[in-house]
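> model this:
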Amino acid sequence: MASHPNRRTVIKNILAGTAAAGAAGALSSFVPEVKEAEEVALKNNINHSVCRWCYKELSLDELCAAAKNIGIKGIDLVGPKEWPTLKKYGLDSPMCNGAEINLTDGFNDPQYHATLLKNYSEMIPLVAKAGYKNLICFSGNRRGKDDETGWANCVKGLTPLLEVAAKHKVVLVMELLNSKINHKDYQCDRTAWGVTLAKKLGSENFKLLFDIYHMQIDEGDIIRNITDNHTYIAHYHTGGVPGRNEIDDTQELYYPAVMRAIKATGFKGYVAQEFVPKQADKLASLRKAIQICDV
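Below is the predicted model of the structure:
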C-alpha cells in the first residue's frame with residue numbers, strides 16, 4: 001500500500017516537468033536567448049532602427065555605438081544637427097524629424113499651413129542633401145473637425161509640399177497615433193483614415209508610418225491591416241501593449257508573427273523599436289527586441 005502514493009508522486013512530478021519544459025519551449029520561441037552581437041548573425045530580412053527619444057539617458061554617441069554593436073542600421077527621429085553623429089557611425093536616419101510644429105497642430109488645420117509650408121519647404125532639401133528619404137508629419141488634433149474636413153484640409157496643406165518632395169525624392173510620412181490613451185483627439189488615428197488621405201493625395205511622396213503599438217490600441221487586427229494596406233506604408237514602429245514597454249512575453253502582441261507579415265509584403269524599409277525599456281539594462285532590452293523581430 002505504501003508504494004501507491006510514491007508512484008502517484010513520481011507520475012505527478014514527471015507530468016509537471018513535461019509541462020514546465022513545454023512552457024519553456026514556448027517562451028524560448030517568443031524571446032530568443034540574448035547573445036552578444038558577434039554571436040548572432042542577423043538575417044537582414046528586416047532593416048532595424050531605434051527611436052532616439054526612448055534612450056534619453058544615453059548620449060547620441062553612446063546610442064549609436066550600441067546600435068552598431070547590436071546590428072541596428074539607423075536611428076529614428078533625429079534632425080539635421082544630429083545627422084553628422086549618425087554618419088560618423090555609418091548609421092542611417094530612416095525617419096527624419098524637425099519640420100513639424102508638434103503632434104497636435106498639424107496639416108488638418110489651415111491656421112498652421114503657412115508655418116508648415118515654410119518649415120517643410122526648408123527641411124525637405126536638407127533631408128535630400130544628407131542622403132535621407134523619409135520626413136515625418138502629423139495630422140494634428142481634430143478639435144471638432146469631421147473626417148471630410150480633416151482630409152480636405154490635409155490635402156490643401158500637403159499638396160504644394162508634395163511637389164517639393166517629389167523634386168527632392170523625399171517622402172512625407174504621416175504617423176498613425178492612438179487617440180484613446182496617448183494622443184487624445186488626434187485625427188489620423190486609424191489605418192483607414194490615413195489610407196483614405198493617401199488615396200486623395202495620390203502621390204508616391206506621401207506614405208504612412210504604421211505604429212504597431214498605437215494601432216493595436218485603437219483598432220487591433222494588426223496583421224490584416226498591414227497586409228491589406230502595405231502599399232501605403234513607408235515605415236513601422238514597435239512598442240509593447242499595454243504600457244509601451246518591452247515587446248517580449250510581458251505584453252499582448254506576438255511580434256515575430258507581425259514581423260513575418262511585414263516581411264511577406266516585400267517591405268524593404270525600416271522597422272524601428274519605439275518602446276520605453278522598464279528593465280535596468282535598457283540596451284539588453286533593445287538587443288532582445290531586435291532578436292525577437294529578426295525573422
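
> and for stretch 43-61, what's in contact with it?
Applying Cβ atoms under 8 Å, 6 or more residues apart in numbering, the external contacts of stretch 43-61 come out as 42, 63, 66-67, 70-78, 82, 85-86, 92, 94-95, 237, 259, 262-263, 268-277, 282, 286, 290, 293-295. Placement of C-beta: from N, CA and C, glycine included.

> out of those, which are inside helices?
63, 66-67, 70, 85-86, 259, 262-263, 282, 286, 290, 293 (DSSP state H).

> filter the residues you listed to the buried ones?
Buried subset of the ones in helices among the contacts of stretch 43-61 (neighbour count, 16 or more other Cβ atoms under 10 Å): 63, 66-67, 70, 85-86, 259, 262, 282, 286, 290, 293.

> all strands of the stretch 151-295 of the chain, in order?
For the stretch 151-295 of the chain, the strands defined by DSSP state E, counting those that start in this stretch cover 171-175, 206-211, 233-237, 270-273.

> nearest to Arg190, out of these?
Within these, the stretch nearest Arg190 is strand 206-211; the backing value is 10.8 Å (Cβ to Cβ).

> what pairs with that closest one, and is each one parallel or antiparallel?
The strands that strand 206-211 pairs with in its sheet are strand 171-175 (parallel), strand 233-237 (parallel) (by DSSP bridges).

> how far does the last one sit from its chain's centre?
The one in question is strand 233-237. 6 Å (Cα atoms, centre = their mean, to the nearest Å).

> any chance of the strands of the stretch 151-295 of the chain in a markdown table, plus mean pLDDT?
Below are the strands of the stretch 151-295 of the chain laid out as a markdown table (pLDDT from 0 to 100):
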| stretch | mean pLDDT |
| --- | --- |
| strand 171-175 | 99 |
| strand 206-211 | 98 |
| strand 233-237 | 98 |
| strand 270-273 | 98 |
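
> if we compare these, which one ends up closest to Ile223?
Judging those by Cβ to Cβ, what sits closest to Ile223 is strand 206-211, at 11.4 Å.

> check which residues of the closest one are buried.
206-211.

> related to what we said a few turns ago, turn the strands paired with strand 206-211 into JSON lines, including distance to Cys51 and mean neighbour count.
Shown next, in JSON lines, are these (distance: least, Cβ to Cβ, whole Å; neighbours: other Cβ atoms under 10 Å):
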{"stretch": "strand 171-175", "distance to Cys51": "11", "mean neighbour count": "24"}
{"stretch": "strand 233-237", "distance to Cys51": "7", "mean neighbour count": "24"}
